[in-house]
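In: following is a predicted model, sequence given first.
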Number of protein chains: 2
Amino acid sequence: MSETEQLPAWCPGDGWCSITATTALVGKKWHPVIIHRLLANGPLGFNDLQEEVDGISSKVLSESLDDLEEKRVVSRTIVSEKPVRVEYSLTDLGASLEPVIFALADWGEQHLEPVEEEAASVV
Amino acid sequence: MSETEQLPAWCPGDGWCSITATTALVGKKWHPVIIHRLLANGPLGFNDLQEEVDGISSKVLSESLDDLEEKRVVSRTIVSEKPVRVEYSLTDLGASLEPVIFALADWGEQHLEPVEEEAASVV
DNA sequence: CGGTATCCTCATTGATACTG
DNA sequence: CAGTATCAATGAGGATACCG
């Protein structure tokens, strides 16, 4: 119980797990995509973001953003223009997720991407 | 609607998204951890795996493994020894997830890990 | 050892509508 | 534009027990 030092670096504690910890933050269904879009397309307004994500409802987007904000991954900025806009962007913590998001996207590209032909039958 | 080629490589189609595709495969709560353990500790039997994962019930582990098997990420091998054992291991596809899993673990390490001191106050 | 079978609860989503 | 309110539906996850 006291020899955590013999364990590999990627799995430190007895109970604690870096994977579990990470997925607890960004493991929700839409979180990776949202972060991805913010990473790629810079700060976005609510509706712009919703269009980027494709398929998400305003309710779920709102909840997701609340969650990500609470976890200090996303920051919400009210831009006092006219009319007032809101801008969602990544915090430094959020931006630091780039390798993770990139790994997800990359793997999907390389291993799943395919089937533009099949898509034709679906329309 | 026809100019998908102007989009960056990591976000190809109009509807299709590599992130969404990837998380559809490994986005379930326990999947990354399970893959991580198989990645790290080689083939494992059911109960061994359950102990590695820590906190998962046999039911959920079973369901997760079924799912991962169906998705060709994990393979189940019956070892005809005596008594019969079962070995779970990663397929080539599963093994190819290493960068993703590693990214998750790595990020957790670097950004979440700490707070052994704070833990004392929670107990 | 390697699982299933139940049952139950909570979290997440989806659809829709409405608001300032 | 940027959300919130409601409500229904799904389903993932947990506890426990049991089986070959």
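Out: Received the coordinates, thanks.
In: helix, strand or coil for the spatially most central residue of chain A?
Out: A centroid search over chain A (C-alpha atoms, centre = their mean) returns residue A:32, at 2.5 Å, as the residue closest to the centre. At residue A:32 the chain is in helix, as set by DSSP: H, G, I helix; E, B strand; the rest coil.
In: helices along chain A, start to end?
Out: Taking DSSP state H as the criterion, chain A carries its helices at A:18-26, A:31-41, A:46-53, A:58-70, A:92-95, A:98-111, A:116-122.
In: distance to DNA strand D added to the ones you listed, as a markdown table?
Out: C-betas here are computed from N, CA, C, even on glycine. Supplementary listing: the helices of chain A in a markdown table, determined by distance: least, C-beta to the nearest atom of the strand, whole Å:
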| stretch | distance to DNA strand D |
| --- | --- |
| helix A:18-26 | 10 |
| helix A:31-41 | 13 |
| helix A:46-53 | 4 |
| helix A:58-70 | 4 |
| helix A:92-95 | 16 |
| helix A:98-111 | 17 |
| helix A:116-122 | 19 |
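In: how about the ones you listed, which one is nearest residue B:105?
Out: Of all the helices of chain A, helix A:18-26 sits nearest to residue B:105, with 4.5 Å by C-beta to C-beta.
In: and that closest one, what does it pack onto?
Out: Taking 3 or more C-beta pairs under 8 Å, 6 or more residues apart in numbering or on different chains; DSSP states H and E as the contact definition, the neighbouring helices and strands of helix A:18-26 are helix A:31-41, helix B:31-41, helix B:98-111.
In: so for DNA strand C, which of the ones you listed sits nearest?
Out: Of all those, helix A:31-41 sits nearest to DNA strand C, with 8.0 Å by C-beta to the nearest atom of the strand.
In: my guess is the residue nearest to the centre of chain A meets residue B:21, correct?
Out: No. With contact defined as C-beta atoms under 8 Å, residue A:32 and residue B:21 do not form a contacting pair (11.0 Å).
In: thinking again about what came up before, now the helices and strands packed on helix A:18-26 in a markdown table, with mean pLDDT and distance to residue B:48?
Out: Rendered in a markdown table, the data for those read as follows (pLDDT from 0 to 100; distance: least, C-beta to C-beta, whole Å):
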| stretch | mean pLDDT | distance to residue B:48 |
| --- | --- | --- |
| helix A:31-41 | 94 | 30 |
| helix B:31-41 | 95 | 8 |
| helix B:98-111 | 94 | 19 |
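In: got a markdown table for these, with distance to residue B:51 too?
Out: Conversion of the helices and strands packed on helix A:18-26 to a markdown table gives the following (distance: least, C-beta to C-beta, whole Å):
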| stretch | distance to residue B:51 |
| --- | --- |
| helix A:31-41 | 29 |
| helix B:31-41 | 10 |
| helix B:98-111 | 19 |
